[in-house]
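**Student:** Build me a structure from this.
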Amino acid sequence: MEWYLNVLKNYAVFSGRARRKEYWLFILIHSVIATGLVIVDFQLQLYFILYMSYALVMLVPCMSVIVRRLHDTGRSGWWYFVSAA
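**Tutor:** Predicted structure coming up:
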């Protein structure tokens with residue numbers, strides 16, 4: 001959980017590096033939370049309102065940790081747009 005909160009604290013930092021452990025633990029916790037919200041939305045018939053709200057809030061932190069991970073692997077942050085296409 002420490003790595004997840006660390007990414008949230010640095011949500012607007014696109015420079016620097018994100019180590020493998022930081023990236024993968026963030027992705028793991030993010031995926032568990034997103035899956036849980038989808039299940040809750042389905043059970044309460046909310047039409048993905050909770051999930052979409054979470055996804056919108058987490059858009060910038062996810063992008064920043066991906067860009068920092070790319071920097072750690074020796075690539076430019078612009079490679080993010082190649083993978084998103």
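**Student:** Can you list the neighbours in contact with stretch 36-52?
**Tutor:** With contact meaning C-beta atoms under 8 Å, 6 or more residues apart in numbering, stretch 36-52 is reached by 34, 54. In this view, the C-beta of every residue, glycine as well, is placed from N, C-alpha and C.
**Student:** Tell me the buried residues in that stretch?
**Tutor:** Using 16 or more other C-beta atoms under 10 Å as the test for burial, stretch 36-52 gives 37, 41, 50-51.
**Student:** starting at the chain centroid, how far to it?
**Tutor:** Mean C-alpha position of stretch 36-52 versus that of the full chain (C-alpha atoms, centre = their mean, to the nearest Å) differs by 19 Å.
**Student:** avg pLDDT for that stretch?
**Tutor:** Stretch 36-52 carries an average pLDDT of 95.
**Student:** Export it to PDB, keeping only CA atoms.
**Tutor:** Below are the C-alpha coordinates for stretch 36-52, written out as PDB (Å, rounded to 0.1, in the frame of the first residue of the first chain):
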ATOM      1  CA  GLY A  36     -13.900  -4.200  -6.700                       C
ATOM      2  CA  LEU A  37     -15.600  -1.100  -7.900                       C
ATOM      3  CA  VAL A  38     -16.900  -2.900 -11.000                       C
ATOM      4  CA  ILE A  39     -18.400  -5.600  -8.800                       C
ATOM      5  CA  VAL A  40     -20.000  -3.100  -6.400                       C
ATOM      6  CA  ASP A  41     -21.400  -1.200  -9.400                       C
ATOM      7  CA  PHE A  42     -22.800  -4.400 -10.800                       C
ATOM      8  CA  GLN A  43     -24.400  -5.400  -7.500                       C
ATOM      9  CA  LEU A  44     -25.900  -2.000  -6.900                       C
ATOM     10  CA  GLN A  45     -26.800  -1.500 -10.500                       C
ATOM     11  CA  LEU A  46     -25.100   1.900 -10.700                       C
ATOM     12  CA  TYR A  47     -24.000   1.600 -14.300                       C
ATOM     13  CA  PHE A  48     -20.300   1.900 -13.600                       C
ATOM     14  CA  ILE A  49     -20.600   5.300 -11.900                       C
ATOM     15  CA  LEU A  50     -18.100   4.400  -9.100                       C
ATOM     16  CA  TYR A  51     -15.700   2.800 -11.500                       C
ATOM     17  CA  MET A  52     -15.700   5.600 -14.000                       C
END
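**Student:** Please consider this matter closed, and thank you.
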